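Q: here is a sequence together with a model predicted from it:
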Amino acid sequence: MSRPHIVILGAGLGGTIAAYEISDAVGKQADISVVNKGHTFHFVPSNPWVAVKWRSREAIEVDLRPVFERKKIRLYEMGARAFDPKTSQVTLMNGDVLSYDYLVIATGPELAFDEIEGFGPEHFTQSVCHVDHALKASDAFEAFALDPKPIVVGAVQGASCFGPAYEFAMILDTELRKRKVRDRVPMTFVTSEPYIGHLGLDGVGDTKGMLESEMRNRHIKWITNAKIAKVTEGMMHVDEVNDDGSPKAHHEVPFGYSMLLPAFRGVEAVRGHEGLNNPRGFILIDKHQRNPTYPNIFALGVCVAIAPDYKTAVPVGVPKTGFMIESMVTAIAHNFKEILAGKVPTHEATWNAICLADFGDGGVAFFAQPQIPPRNINWSASGKWVHLAKVGFEKYFIGKVKSGKSEPFYEKLALDLIGAHKIK
């Protein structure tokens with residue numbers, strides 16, 4: 001009798017550690033395969049550093065083939081073209097068909113640059129969502145630094161990831177000061193958030209006050225409740241609205257360099273299945289990370305559908321932070337162990353949030369438990385220690401991926417923060 005086949009779609013932060021944890025949890029009870037575009041893992045949180053040449057591509061990437069081979073995880077590096085949840089089959093990009101008993105969708109998002117005219121790295125703005133984008137942004141920044149002009153950084157309507165926008169604005173400020181040209185670069189932060197420091201989480205601790213103060217100290221102006229109408233060469237066309245959604249002002253913001261985070265949607269390979277996806281293509285799950293219509297399909301990470309608990313004047317999504325993703329992975333791994341033992345899955349993710357936002361020479365950290373308010377822990381702090389912690393975090397996590405370790409990291413980080421800062 002053949003063993004059950006567990007297929008994982010995606011080898012990003014969620015998919016890679018899912019492969020490790022599921023492998024350790026089920027042992028020889030199942031075969032595990034990973035379908036991914038390429039054979040490398042890259043550490044997305046370091047992309048803002050890559051965009052100013054503080055890191056190289058090689059420093060943040062890991063070749064997954066040796067560690068997957070060591071853990072007896074099969075890698076299909078041609079990627080998935082489509083899948084059929086009714087027949088439990090994945091069609092690979094080369095046309096081959098891969099059958100599964102259980103599927104874990106960990107694809108991350110598709111970046112919806114096309115939803116705004118002139119938006120994205122193929123047009124007039126840069127991105128730090130992928131290492132390829134970050135490298136392109138780095139080349140553009142080097143050219144920009146020779147002829148400094150205004151900068152616009154932020155996140156567009158429908159975005160659900162805001163931390164990297166704040167990070168990149170501050171990192172650019174730090175790098176421009178190092179190059180002695182900051183005085184020649186007016187900076188504007190444009191965001192769909194209702195206020196600075198909202199972060200898609202209705203703020204955490206005093207993120208509003210800390211980030212506003214940081215921006216004032218760095219002479220960065222901002223526009224909130226903002227919709228990007230379109231982007232043309234050298235000009236950001238921004239519609240600002242009131243809290244009730246009524247028009248407030250239209251801004252024509254000039255720029256010589258811009259990076260705006262896009263809205264996300266589900267990737268094409270998994271979109272368009274009734275009962276599986278919401279209208280944006282994200283995967284519907286129950287409290288055990290399992291799809292209600294197709295119980296042999298699990299999902300984790302950014303591709304999961306989470307509805308906001310509040311309404312904002314401009315659409316703002318809910319971020320899926322590393323701590324949340326790690327807890328989803330652990331829940332799925334333990335649930336597979338129960339399922340393969342003939343039991344009903346019982347494990348649930350703990351949707352908490354920890355973020356270390358690096359500003360190049362300092363930073364802001366926050367801890368939300370749970371991620372969506374009201375919370376038991378609602379804490380934030382700032383200081384140079386955050387930058388050092390982020391550097392250490394990068395080193396640890398990349399080392400974890402290289403070694404194939406499956407032990408949780410964010411939980412340890414939470415306990416360390418609680419102990420060091422006496423968080424209650």
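A: The structure has been received and is ready for your questions. Because the structure is predicted, anything quoted here is derived from the model rather than measured.
Q: residue 25: which element?
A: helix 13-26 (DSSP states H and E).
Q: oops, could you answer that again for residue 324 instead?
A: helix 322-340.
Q: send me the helix or strand just after that helix as PDB with only the CA atoms.
A: On the C-terminal side of helix 322-340, the closest following helix or strand by DSSP H and E is strand 353-358. C-alpha atoms of strand 353-358 as PDB (Å, rounded to 0.1, in the frame of the first residue of the first chain):
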ATOM      1  CA  ALA A 353       1.900  39.500  15.300                       C
ATOM      2  CA  ILE A 354       5.500  40.400  15.900                       C
ATOM      3  CA  CYS A 355       7.300  42.900  13.700                       C
ATOM      4  CA  LEU A 356      10.800  44.300  13.700                       C
ATOM      5  CA  ALA A 357      10.800  47.300  11.300                       C
ATOM      6  CA  ASP A 358      14.300  48.300  10.500                       C
END
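Q: run the chain-centre distance for strand 353-358.
A: 12 Å (C-alpha atoms, centre = their mean, to the nearest Å).
Q: and if you look at stretch 162-174?
A: For stretch 162-174, the distance to the chain centre is 15 Å (C-alpha atoms, centre = their mean).
Q: same question, stretch 181-189
A: Worked out by C-alpha atoms, centre = their mean, stretch 181-189 lies 27 Å from the chain centre.
Q: with stretch 398-412 instead?
A: Here stretch 398-412 is found 18 Å from its chain centre; the criterion is C-alpha atoms, centre = their mean.
Q: quick one: mean pLDDT for that stretch?
A: For stretch 398-412, mean pLDDT is 83.
Q: list the contacts of residue 359.
A: 166, 167, 170, 171, 173, 174, 214, 386, 387 (C-beta atoms under 8 Å, 6 or more residues apart in numbering). Just so you know, the C-beta spots here come from the backbone N, C-alpha and C atoms, and that holds for glycine as well.
Q: which of the helices or strands spans the third one?
A: Just to be clear, that refers to residue 170. Using DSSP H and E, residue 170 falls within helix 163-178.
Q: which parts of that helix are buried?
A: Using 16 or more other C-beta atoms under 10 Å as the test for burial, helix 163-178 gives 163-176.
Q: who's in contact with it?
A: By C-beta under 8 Å, 6+ apart, helix 163-178 touches 45, 47-49, 51-52, 54, 128-129, 141, 145, 148, 151, 153-155, 182, 185, 187, 189, 191, 199, 211, 214-215, 218, 220, 259-261, 319, 355, 357-364.
Q: need the helices for this protein, in chain order.
A: Assigned by DSSP state H, the chain shows helices spanning 13-26, 47-50, 57-60, 64-70, 131-146, 163-178, 207-217, 322-340, 384-403, 410-421.
Q: can you list the ones you listed in JSON lines and add distance to residue 248?
A: Formatted as JSON lines, the helices of the chain follow (distance: least, C-beta to C-beta, whole Å):
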{"stretch": "helix 13-26", "distance to residue 248": "37"}
{"stretch": "helix 47-50", "distance to residue 248": "30"}
{"stretch": "helix 57-60", "distance to residue 248": "40"}
{"stretch": "helix 64-70", "distance to residue 248": "48"}
{"stretch": "helix 131-146", "distance to residue 248": "30"}
{"stretch": "helix 163-178", "distance to residue 248": "21"}
{"stretch": "helix 207-217", "distance to residue 248": "19"}
{"stretch": "helix 322-340", "distance to residue 248": "33"}
{"stretch": "helix 384-403", "distance to residue 248": "33"}
{"stretch": "helix 410-421", "distance to residue 248": "38"}
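Q: and the ones you listed: which comes nearest residue 312?
A: helix 207-217 (14.2 Å; C-beta to C-beta).
Q: show me what the closest one is packed up against.
A: helix 163-178, strand 363-369, strand 377-382 (3 or more C-beta pairs under 8 Å, 6 or more residues apart in numbering; DSSP states H and E).
Q: can you check what angle separates the longest one from helix 207-217?
A: Using axes from the mean of the first three to the mean of the last three C-alpha atoms, to 10 degrees, the inter-axis angle of helix 163-178 relative to helix 207-217 is 20 degrees.
Q: rewinding a little: for ChimeraX, what selects the buried ones among the contacts of helix 163-178?
A: With 16+ other C-beta under 10 Å as the criterion, this ChimeraX line picks the buried residues out of those:
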select :45,47,48,49,51,52,54,128,129,141,145,148,151,153,154,155,182,185,187,189,191,199,211,214,215,218,220,259,260,261,319,355,357,358,359,360,362,363,364
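Q: can you give me the strands in the stretch 51-200 of the chain?
A: 61-63, 74-76, 80-84, 89-92, 97-99, 102-105, 110-111, 151-155, 187-191 (DSSP state E, counting those that start in this stretch).
Q: for residue 303, find the nearest of the ones you listed.
A: Once the strands of the stretch 51-200 of the chain are compared by C-beta to C-beta, strand 102-105 is nearest, at 5.7 Å.
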